[in-house]
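[1] Fold the stuff below for me.
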Amino acid sequence: MNSCYVEQYKLGTNYMKYIRLYETSNRSEVVRLKLIFNQLELDYRVLFETMLDVGNVYGLGSKGVIVEVAEKDVEVAEGVLLDLELIKIGEEENEFDFISWFDRKTSQIKLFKDFNLEFRLVLFLVFAGVLILAVGLPILLRLSNL
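    Below is the predicted model of the structure:
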């Protein structure tokens, strides 16, 4: 499992641990998972499902729908994902590898973690452009004087 984020929610005096299992922007995958998880009576939750109604989920800085499963049901849920061929062993489950990687890395930086993904990407591109100009422009000027 690639992303293993544990969140705790207080239910009375017990703590329920949920593991992030799957992220997608495909509504049919979410419906299939919900049907099977309900049949197997797994303890799960689906976050940001309404984002699928908005349009371009990733363009808005969202990761799409996040499916989380209670820690006790993780093995069964992973088996369901493999059976449905939603993930394959040895393959990444997310089709936006760079965006997911960039989001994970920049959200760990205290200065940037409060900004949405879109703003962090624009900031990165501006910084990269300035860096390229700062390094490339003097080299081009020296080459033009030769």
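[2] Kindly state the beta-bridge partners for the closest residue in space to Val30 that isn't next to it in sequence.
    Excluding the flanking residues, the one nearest Val30 by CB to CB, 6 or more residues apart in numbering is Val65, at 5.2 Å. Bear in mind the C-beta positions are built from the backbone N, C-alpha and C, glycine included. Beta-bridge pairing for Val65 (DSSP bridges): Thr24.
[3] pLDDT score assigned to Val65?
    You'll see Val65 listed with a pLDDT of 82.
[4] In this structure it contacts Leu21, no?
    No - here Val65 does not reach Leu21: they are 11.2 Å apart, not a contact under CB atoms under 8 Å.
[5] of those two, who's got more company?
    Each of Val65 and Leu21 has its neighbours counted (other CB atoms under 10 Å); Leu21 has more, 25 against 22.
[6] would the more buried one count as being in a helix?
    No - counting by DSSP: H, G, I helix; E, B strand; the rest coil, Leu21 is not found in a helix; it is strand.
[7] For this protein, which segments count as strands?
    Per DSSP state E, the chain carries strands over the ranges 6-11, 14-24, 44-47, 65-70.
[8] Which of the ones you listed has the lowest mean pLDDT?
    Lowest mean pLDDT within the strands of the chain: strand 6-11, a mean of 47.
[9] Residue ranges of each domain in the chain, please.
    1-92, 96-146 (automatic domain parsing).
[10] Need the per-residue pLDDT for Ser100.
    Confidence at Ser100, expressed as pLDDT, is 73.
[11] What residues of the helix ranked longest in the chain count as buried?
    Criterion DSSP state H: the longest helix present in the chain is helix 117-145. Neighbour-count burial for helix 117-145, counted by 16 or more other CB atoms under 10 Å, picks out Leu117, Arg120, Leu121.
[12] pLDDT-wise, which helix or strand of the chain ranks last?
    When each helix and strand of the chain is scored by mean pLDDT, DSSP states H and E, strand 6-11 comes last, with a mean of 47.
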